[in-house]
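K.L.:
how would this look folded up:
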Amino acid sequence: MTASALYDVINRRRDTRAEFTGEQIAADVMERVLLAAHAAPSVGMSQPWDFVLVRSPDTLRAFRDHVALEREAFADVLTGERADTFSRIKIEGICESGLGIVVGYDPTRGGPQVLGRHAIPDAGLYSVVCAIQNLWLAATVEGLGVGWVSFYREDFLRSLVDMPVHVRPVAWLCVGHVADLPEVPDLERHGWRRRSSLATVLHEERYRPR
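P.N.:
Here you go, the predicted model:
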């Protein structure tokens, strides 16, 4: 892959909601995407991630219903323009995608002394997020969409997929074939937020308040 191709994939990546077609993902494609995630850097080479592939329609519906309740709870605290804007935003494609990947963080992976984690306990969690980003970019290359669902309670999701109590569910990713990837991210298109420029977050030598 050329440098320009890499940057193109980074900029084409989208948080997908309404574009899923439901077409089944070929086994070799799924393996490549998961291998890309598993190749992510991790603190102390601990590889503290787990991936639970969820295809059962019953489980997908159960999670969708839970997410719908959390959406309603969030909507109830919104007023005015925020409420109107949020009502138009689709927040998940759980059943439409046909596949959910639950990504977990196991802090016991790598033993009691993980090299590089002694001063930053969350370094293992950051490693899991690197794996998610690898998965997302690989999926984009393969023509797949990914939607990160965050409207859930961790205890509910942990119980739903039988994760042990010490493993933290970090993400439910809807993964599947898509009709297309939107040119403009949904939240920007609907007017929830606008992407800021690099200049607004860039500092030289010291942090300078904006």
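K.L.:
hang on, P169 is in a strand, isn't it?
P.N.:
Yes. Under DSSP: H, G, I helix; E, B strand; the rest coil, P169 sits within a strand.
K.L.:
what separates the residue lying closest to it once chain neighbours are set aside from T59, distance-wise?
P.N.:
Of all residues not flanking P169 in the chain, L157 sits nearest, at 4.4 Å (CB to CB, 6 or more residues apart in numbering). Every residue, glycine included, has its C-beta placed from N, CA and C. The gap separating L157 from T59 is 11 Å, by CB to CB, to the nearest Å.
K.L.:
Would you mind telling me which of the two has more residues around it?
P.N.:
Using other CB atoms under 10 Å, the more surrounded residue of L157 and T59 is L157, with 23 against 16.
K.L.:
wouldn't the more buried one be in contact with F63 here?
P.N.:
Yes. Using CB atoms under 8 Å, L157 is in contact with F63, at 7.2 Å.
K.L.:
returning to what we had before: any idea how far the helix or strand encompassing the residue nearest to P169 is from the chain center?
P.N.:
Assigned by DSSP states H and E, L157 belongs to helix 154-160. Averaging C-alpha positions (CA atoms, centre = their mean, to the nearest Å) puts helix 154-160 16 Å from its chain's average.
K.L.:
can you pull the buried residues of that helix?
P.N.:
Within helix 154-160, the residues that count as buried by 16 or more other CB atoms under 10 Å are 157-158, 160.
K.L.:
And the contacts of that helix?
P.N.:
The contact list for helix 154-160 (CB atoms under 8 Å, 6 or more residues apart in numbering) reads 59, 62-63, 66, 102, 163, 165, 167-169, 172.
K.L.:
Just the buried residues out of the residues you listed, in PyMOL syntax.
P.N.:
For the buried members of the contacts of helix 154-160, the matching PyMOL selection, counting by 16+ other CB under 10 Å, is:
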select buried, resi 59+63+66+102+163+167+168+169+172
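K.L.:
So which of the contacts of helix 154-160 sit within helices?
P.N.:
59, 62-63, 66 (DSSP state H).
K.L.:
would JSON lines of the buried residues of helix 154-160 with distance to V43 and pLDDT be doable?
P.N.:
Output for those, formatted as JSON lines (distance: CB to CB, whole Å; pLDDT from 0 to 100):
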{"residue": "L157", "distance to V43": "24", "pLDDT": "98"}
{"residue": "R158", "distance to V43": "23", "pLDDT": "98"}
{"residue": "L160", "distance to V43": "28", "pLDDT": "98"}
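K.L.:
just the residues you listed now: which is nearest D106?
P.N.:
Distance to D106, by CB to CB, is smallest for R158 among those, at 12.0 Å.
K.L.:
mind listing what's buried in stretch 167-180?
P.N.:
Within stretch 167-180, the residues scored as buried using 16+ other CB under 10 Å are 167-178.
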